[in-house]
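**Student:** Fold the following.
(3 chains)
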Amino acid sequence: MNKITIESLSLQYSDGTESLRDVSMGIHQNAVTVLFGPAGGGKSTLLRCLNRLNDLTEVKASSGQILIDGENILDPKVDVIALRRKVGMVFARPVPLPMSIRENIIYGLELAGEKRKSKLDEAVERSLKLSAVWDEVKDRLNDPAIALSGGQQQRLCLARVIALQPEIILLDEPTSGLDPISTGKVEAALLELKKEYTIILVPHSIQQAARTADYAAFFLTGELIEYGEGKSLFTIPKQKKTEDYIMGRFG
Amino acid sequence: MKYFFAQNRHTIQRLGFAAITLIAVVTVLPIIGTVVFILIKGSSAISWNFLSGFPHDGMRAGGILPAVIGTLYLTIGTAIFSVPLGIAAAIYLAEYAKDNQWTRLIRLAIINLAGIPSVVYGLFGLGLFVLFLQFGTSILAASLTLSIMTLPVIISTAEEALRSVPQAFRTVSISLGATRWQTIRRIVLKEALPGILTGVILGLERAAGETAPILFTGAAFFLPRLPNSPFDATMALPYHLFVISTQVPEMPIQIQYGTALVLLVFVLTMNVIATVIRSRARARRQW
Amino acid sequence: MEKSLSWREFIITRLIQSSGYSAVIFVLLIFFFLLREGLPTLSEVDASSLLSVRWYPIEDYFGILPLISGSLMVTLGAALIAVPFGIGTAVYISEIAPRWMREILKPLVELLGGLPSVVLGFLGILVVSPFLRIFLDLPTGLTAFTGSLLLGGIAVPTIVSVAEDALDSVPRAYREGAWALGATRWQTIWRVTLPAARSGVLTAVMLGVGRAIGETMTVMMVTGNAPVLALKLGSLFSPVRTMTATIAAEMGEVANGSTHYHVLFLIGIVLFVISLIVNIIASSVVFRARKRAERILS
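**Tutor:** Presented below is the predicted three-dimensional model:
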């Protein structure tokens, strides 16, 4: 069933960069949906619509709607804070907040009003385990998060999102700065995570897209060109443009 | 176009560099000279009695306690008004304001506030606080006048400090369900604190050394006791130095240098603290 | 809880926003109160009297020309001193000095900016003016020139820090390009770096001069305070009186609401307007330069 339904979504930034044109798609629960395509195609923009992070950017015009569990989250009356707790996001560059590992994890929970130490400790352990970094950091939870390696930092960022127990996790090229081993760990964590969460991933390569996708959507200059099950889309694409892109004949 | 042989060009460069270096030396030496001169000349006047006593014999003898205390009061008073207002204004400019006509107007106003002569602030303080609001010649009126004068320094340094905090921290915090204000309070302000503090101290340093704005708003020529409410006038170090170096005949030179020394140390200490905070924060910064 | 949170957020946001606009309000308030106290002059004193050359308030002579000329003379002298030394020091710090030297010089110059003007005036009375009296064989050491010398010292830190910023922000590629073409560092400074930073350097000069015009205590203490019209070069070495010093010296002794009181506020208006013009021009130069840079970069 569809967790998210996007209906004729269009959007344009004030500075004329990346935009979206009449995008409609449904996103399945407990699966990894991959949004791929050349840079500037609208993938990140779409991600940022899903948790209303675009509110921070100057948007010239937007129309259409995004339904999550049947509720239009683009409605101005929506509680965006609650929305962002429900739809977590991991960014391309790992950004540990300037505080300790533990404080990074509980940052969102504390903001949500959770004060009980036992609950917080539980969340720290659970989320660090789910994102496969617990063994590496469990003895130094009070060290500054910046001291971790890049790969550890990115998994910490993932844990920080999981700690809020969201329903949907958005990942915007989460492994673009990581070495293959760290990338493998993050991808393995995603496979584990999709049992509980709906995951939307902008991969940093077509190989990664093919490896991880349950469903895949190809974006080109703001338009959704093709959308379908990952297996079939990457082996027998229906659209010429998709095929060109996958075969590397693009440009 | 002139043509130089390589030899020639390098001679010119050497001469030019020497000239510029000389200019820099001539500019900087008097600064060191001034400080050292006053330190040497004034140090013999410094004693416990000088620091803790009241002036007597028409200020030709005794100490400068009421002036020191007065300057402390004025500096604190200035901080009370200008620090929260200045930081809030900086937060507005760095975190909330969009780049539009209104924001440009605010920036223009700040630049102009910074450029208004200090004596004009004195006139304004006299007109608004002393007379119109009837605070009288008082610590309150003088502090308010000094606060407005200090505001542009605090706003511009604090804004710069806030802007130097990476944007990614804000985006991440917001994406974790923080409101804009929670993000500012828990992340941005914390990271920008050393920079803000530097600006605040530099602003207050300027206020502590100013004379013209308090001339008609709060400074007293001589008071036999310490002020005991914000509505009292007060003696102040810079004004006291002005008085004893121009208005009192046969003033012992010793006391003049001593007073200048205390004022200088007061101001320099703030300057050094600000510099130390800034360089330590830069060294420790992780981003 | 969510409800109260959003209320708090709303109130804090409003408070921050109104603080943001406070600077505008203060500029307007300052202008308003200067006008309120200064404008009555125009009905109390003839324009011809105001524009005369005699300032002698006790007998109701309110000619402000000597004060304006005094301010101009002292400021001009200060500019002649501060501009070469300020820009020279900025060039030294930004282009010539080794790194460790820069780390020492910048705080030192900043420190000069933090010295209270009353301390400079004090040294002016005790050290500079006796020296000048003997050295230049003058009847008194309290002259426009003494004021210029010290005001130069006050304008220098402003000029150095703004000009140094401007030089520092000239892209390194410009310099490297010039070096690659065989220019010496010295030629690069004069033909490339300084011209590229000229709008910032110009701003630095304007802001420094603006500071000098507005300076009060130092000039009041060392310029001798004689309200005579200063037009000749020779007046540089005789006592003068500036607008700022006049306000500072006389406001304490006038009755509130008297004609003299109103005239002093009128002089305040003149100073306010001058500083407004200087700063608006200086900042528009900066804005234009930034716009141009953005065009080039985009």
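
**Student:** Check the stretch 1-150 of chain A for the residue nearest chain C and tell me.
**Tutor:** Distances between the stretch 1-150 of chain A and chain C by CB to the nearest CB are smallest at A:Gly113, namely 6.0 Å. No exception for glycine: its C-beta is placed from N, CA and C like everyone else's.

**Student:** Doesn't that residue belong to a strand?
**Tutor:** No. Applying DSSP: H, G, I helix; E, B strand; the rest coil, one finds A:Gly113 to be coil, outside a strand.

**Student:** Is A:Leu201 in a helix, a strand, or coil?
**Tutor:** Strictly by three-state DSSP, A:Leu201 counts as strand.

**Student:** who's in contact with it?
**Tutor:** The neighbourhood of A:Leu201, defined by CB atoms under 8 Å, 6 or more residues apart in numbering or on different chains, consists of A:Val32, A:Thr33, A:Val34, A:Leu35, A:Leu171, A:Pro174, A:Leu190, A:Thr212, A:Ala213.

**Student:** Distance check, the residue positioned nearest the centre of chain C against C:Val219.
**Tutor:** For chain C, C:Arg211 is the residue whose C-alpha lies nearest the centre (CA atoms, centre = their mean; 1.2 Å). From C:Arg211 across to C:Val219, the span is 12 Å (CB to CB, to the nearest Å).

**Student:** Near A:Asp135, how many other residues are there?
**Tutor:** A count of neighbours around A:Asp135, defined by other CB atoms under 10 Å in any protein chain shown, yields 9.

**Student:** Would you mind naming the helix or strand containing the closest residue to C:Ile159 other than its chain neighbours?
**Tutor:** Closest residue in space to C:Ile159, ignoring its immediate chain neighbours: C:Gly86 at 3.0 Å, by CB to CB, 6 or more residues apart in numbering or on different chains. Using DSSP states H and E, C:Gly86 sits within helix C:65-91.

**Student:** For the helix or strand just after that helix, buried residues please.
**Tutor:** Next in sequence after helix C:65-91, counting helices and strands by DSSP H and E, comes helix C:99-114. Residues C:Leu105, C:Lys106, C:Pro107, C:Leu108, C:Val109, C:Glu110, C:Leu111, C:Leu112, C:Gly113, C:Gly114 are the ones in helix C:99-114 that count as buried (16 or more other CB atoms under 10 Å in any protein chain shown).

**Student:** cool, and stretch B:81-99?
**Tutor:** Buried residues in stretch B:81-99 (16+ other CB under 10 Å): B:81-83, B:85-95, B:97.

**Student:** what does the model give C:Phe31 for pLDDT?
**Tutor:** Confidence at C:Phe31, expressed as pLDDT, is 96.

**Student:** Actually, A:Phe250.
**Tutor:** 65.

**Student:** and A:Ser63, how many neighbours does it have?
**Tutor:** 13.

**Student:** Next up, the contacts around the spatially closest residue to it that is not a sequence neighbour.
**Tutor:** In space, A:Ser63 comes closest to A:Ser10 once its chain neighbours are excluded; the distance is 5.0 Å by CB to CB, 6+ apart. Each residue near A:Ser10 by CB under 8 Å, 6+ apart is listed here: A:Ser19, A:Leu20, A:Arg21, A:Asp22, A:Val23, A:Ala61, A:Ser62, A:Ser63, A:Gly64.

**Student:** So which of the residues you listed are in helices?
**Tutor:** Assigned to helices by DSSP state H, none of those qualify.

**Student:** Quick check: which element contains A:Leu9?
**Tutor:** strand A:2-13.

**Student:** Parallel or antiparallel, list what pairs with that strand.
**Tutor:** strand A:19-28 (antiparallel), strand A:59-68 (antiparallel) (DSSP bridges).

**Student:** For burial, what's the neighbour tally of whichever residue of the stretch 101-250 of chain B sits closest to chain A?
**Tutor:** Using CB to the nearest CB, the single residue of the stretch 101-250 of chain B nearest to chain A is B:Leu176, 3.8 Å away. B:Leu176: 27 surrounding residues under other CB under 10 Å.

**Student:** again, but for A:Asp139
**Tutor:** A:Asp139, neighbours per other CB under 10 Å, totals 8.

**Student:** doesn't it fall inside a helix?
**Tutor:** No. Counting by three-state DSSP, A:Asp139 is not part of a helix but coil.

**Student:** Pull the contacting residues for the residue nearest to C:Ile159.
**Tutor:** By CB under 8 Å, 6+ apart, the contact set of C:Gly86 is B:Thr27, C:Ala155, C:Val156, C:Thr158, C:Ile159, C:Val160, C:Ala163, C:Ala204, C:Val205, C:Gly208.
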